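Colleague: What shape does this take:
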Amino acid sequence: MPRFLLSAGIKLLVGIVLLCGAYYVVNHSNYYYLFIGNILLLLGLAFLVEGTTFILFALIKNLRNRKAAIISTSRSTFVVLFLADFIIRMIGVMQTYPERTDGKYFSLSTQENLDSWYWLHTPNTLISNQKKEFLFNREVNSIGLSEKEIPKEKGTKFRIIAIGDSFTEGVGMSYEDSWVKQMEHRWKWKNVETINGGIGGSDPIYEFALYRDKLIAYKPDVLVLTINSTDVDDVAGRGGFERFHADGTAGKTPPSWEWIYASNHLFRMFTHAALGYNTSLLRGADTEEAQLKAIENLKDVLGRLKKLSNEEDTKLLVVLQPSIQEFKNGKHTPFFGQIELAKYLKAEQIYFLDTSNDFEKKGVSVSEYYYPIDTHFNKKGYALFGKSVYEKIEELGFLETSP
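Modeller: Numbers count the residues shown, from 1 in each chain. Below you'll find the model as predicted:
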C-alpha cells in the first residue's frame, strides 16, 4: 500500500504542476501557444487520473491484479482524446471567428465584461484594423470611437450620426472610405457633417446607451441606426437593459474555464453541443427562446430611440443590413426576426430601409461585395450599402431642412 500511495502522490503532484503550467502558458501569453497549453493540459489530466487510480489500487486490493489493464486503458483513452482534438483542430470546425480571420484566438468572452455601460475603444489610442485580407489603422478619439474630435457646437452644419457595429464603423476600410464618411463627402455642398458612432462588436442596446448619454449632446439632425443578424445573436446572449449594473459596470463575467476552451477544440465541441454555449461563451444564446426574447428587446430599444428622437426633434432612420451568410445562389433569406422587426418599424411609423433588396439585385455576384474570409463588406460592398442609405435619406427629404 505505501508504494501505491507514494506513486499516487507523485503522479498527482506532477498532474497539478502540468495543469498549472497549462494555465500559465495560455493566460499569461495572451492566448498564444495554445497547442503547447493543450498538450500540458492533457498530460496533466492523464497524470491526475493515473494518480487517482493508484489511490484506488491502495484502497481496493482486487484492483491491483488489474493494474496493467487499467493503466493501459487510461493511457490509451488520453491518446485517443489527443488525436481527436488534433483532427478537429486541423479540420477547423471549432475555430472561432477571430481564428478564421486573424489566425489567433481572441477572448470574446472577456470582451463582454465591461467596466462601464459603454461598448467603446480605449480613448485616445491608435487601433490596428488588421485581418488576413486587409490592414487599416484608426485613431480613436476622446470618447472611444474611431472618429476625429468633433466640437459639440455644430454651428450651421447639418449633422448626421450613425450608430451600429463593425459594418457602421467600417471594418475593412480606411476612415475616409467608410460609408459614413462617404456620406459626408457626397453632401459636402450641403454643409453636412457626419459622426461615425459605429464600433465593432456592439449592439443596439449598447448603442442606445452610448447615444443617450454621450452622442446626443452633439445635437444631430439625423440619426441612422443599423441592425443585422449579429445584433440578434448578441442581444440573445447579452440580454436587454438588465445588462447594465447599478455599480456602473455591464455585461457578464467570463467563465473561469475559458483557458481550457481556448486550448482544447474537443472541449469546445462539448461546451457548444452539450452545455449550450456559443463562441462568445454566452449560454443559451442560440436557442429559439433567446432569439425571440432578443427581438422583443430590440423592439424595446427601437421604441426608446423613437421617443428620444422625437423629444430632440431628430430624424431617425433604421437600416436593416444583410450578411453574406443570408444569400444562397443570389437569393436573400431574411435573418431571424428581420420580418418581425420590419413590421414593428412600419407599425410604429419609424422610417426604415431594408438594404438586402439592393444586394439581392446583384444575383449570384453578391459575393463580390464581401471579403470572403472576414465576411465584412469590401470597398464595393460599402459603396453599395452607402448608396442605398444616401438615396433613402434623400428620398425622405431629410436634407431639405439643412442650412
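Colleague: contacts, neighbours, all on C-alpha from now
Modeller: Will do.
Colleague: so how far is Met269 from the residue nearest to the spatial centre of the chain?
Modeller: Centroid check for the chain by CA atoms, centre = their mean gives Gly201 as the closest residue, at 4.5 Å. Note on Gly201: its distance to Met269, by CA to CA, to the nearest Å, is 23 Å.
Colleague: swap in Leu18?
Modeller: From Leu18 over to Met269 the distance is 23 Å, taken as CA to CA.
Colleague: Look at those two and report which has more neighbours.
Modeller: Under the neighbour definition other CA atoms under 10 Å, Leu18 and Met269 were set side by side, and Leu18 has more, 23 against 17.
Colleague: The more buried one against Leu43, yeah?
Modeller: Yes. Counting by CA atoms under 8 Å, a contact exists between Leu18 and Leu43, whose distance comes to 6.9 Å.
Colleague: So the residue nearest to the centre of the chain: helix, strand or coil?
Modeller: Three-state call for Gly201 (DSSP: H, G, I helix; E, B strand; the rest coil): coil.
Colleague: mind listing what it touches?
Modeller: Neighbour list for Gly201: Asp165, Ser166 [criterion: CA atoms under 8 Å, 6 or more residues apart in numbering].
Colleague: Likewise for the one 4 residues further on?
Modeller: With CA under 8 Å, 6+ apart as the criterion, the residues that contact Ile205 are Val235, Gly240, Phe241, Leu298, Val301.
Colleague: Can I get stretch 144-158 in PDB? Just the C-alpha atoms.
Modeller: C-alpha atoms of stretch 144-158 as PDB (Å, rounded to 0.1, in the frame of the first residue of the first chain):
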ATOM      1  CA  GLY A 144     -13.600  56.000 -27.600                       C
ATOM      2  CA  LEU A 145     -14.800  56.000 -31.200                       C
ATOM      3  CA  SER A 146     -12.600  55.600 -34.300                       C
ATOM      4  CA  GLU A 147     -13.600  59.200 -35.300                       C
ATOM      5  CA  LYS A 148     -11.900  62.500 -35.200                       C
ATOM      6  CA  GLU A 149     -12.500  65.000 -32.400                       C
ATOM      7  CA  ILE A 150     -15.700  66.900 -33.200                       C
ATOM      8  CA  PRO A 151     -16.900  70.000 -31.300                       C
ATOM      9  CA  LYS A 152     -20.300  69.700 -29.700                       C
ATOM     10  CA  GLU A 153     -21.300  73.100 -31.200                       C
ATOM     11  CA  LYS A 154     -22.200  72.400 -34.800                       C
ATOM     12  CA  GLY A 155     -22.800  75.900 -35.900                       C
ATOM     13  CA  THR A 156     -24.600  75.900 -39.300                       C
ATOM     14  CA  LYS A 157     -23.600  72.300 -40.100                       C
ATOM     15  CA  PHE A 158     -26.300  69.700 -40.800                       C
END
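Colleague: who touches the least confident helix or strand in the chain by mean pLDDT?
Modeller: Every helix and strand in the chain was compared by mean pLDDT, DSSP states H and E; the lowest is helix 61-64, with a mean of 72. Here helix 61-64 makes contact (CA under 8 Å, 6+ apart) with Leu56, Phe57, Ala58.
Colleague: pLDDT score for the residue nearest to the centre of the chain?
Modeller: pLDDT, Gly201: 93.
Colleague: what about the helices in the stretch 51-200 of the chain?
Modeller: All helices of the stretch 51-200 of the chain, identified by DSSP state H, counting those that start in this stretch, fall at 61-64, 67-91, 97-102, 108-111, 166-169, 179-186.
Colleague: Same question for the stretch 301-403 of the chain.
Modeller: So, for the stretch 301-403 of the chain - with DSSP H, counting those that start in this stretch - the helices run 338-347, 356-360, 379-396.
Colleague: Domain ranges for the protein, per the record?
Modeller: Listed domain ranges for the chain are 2-91, 117-254+285-401 (source: automatic domain parsing).
Colleague: Show the contacting residues for Pro2.
Modeller: The contact partners of Pro2, by CA under 8 Å, 6+ apart, come to Ala58.
Colleague: should've said Phe134
Modeller: With contacts defined as CA under 8 Å, 6+ apart, the neighbours of Phe134 are Gly172.
Colleague: what about Thr226, which helix or strand?
Modeller: In this assignment (DSSP states H and E), Thr226 forms part of strand 222-227.
Colleague: can you state the direction angle for that strand and helix 179-186?
Modeller: With axes from the mean of the first three to the mean of the last three CA atoms, to 10 degrees defining the directions, strand 222-227 sits at 150 degrees from helix 179-186.
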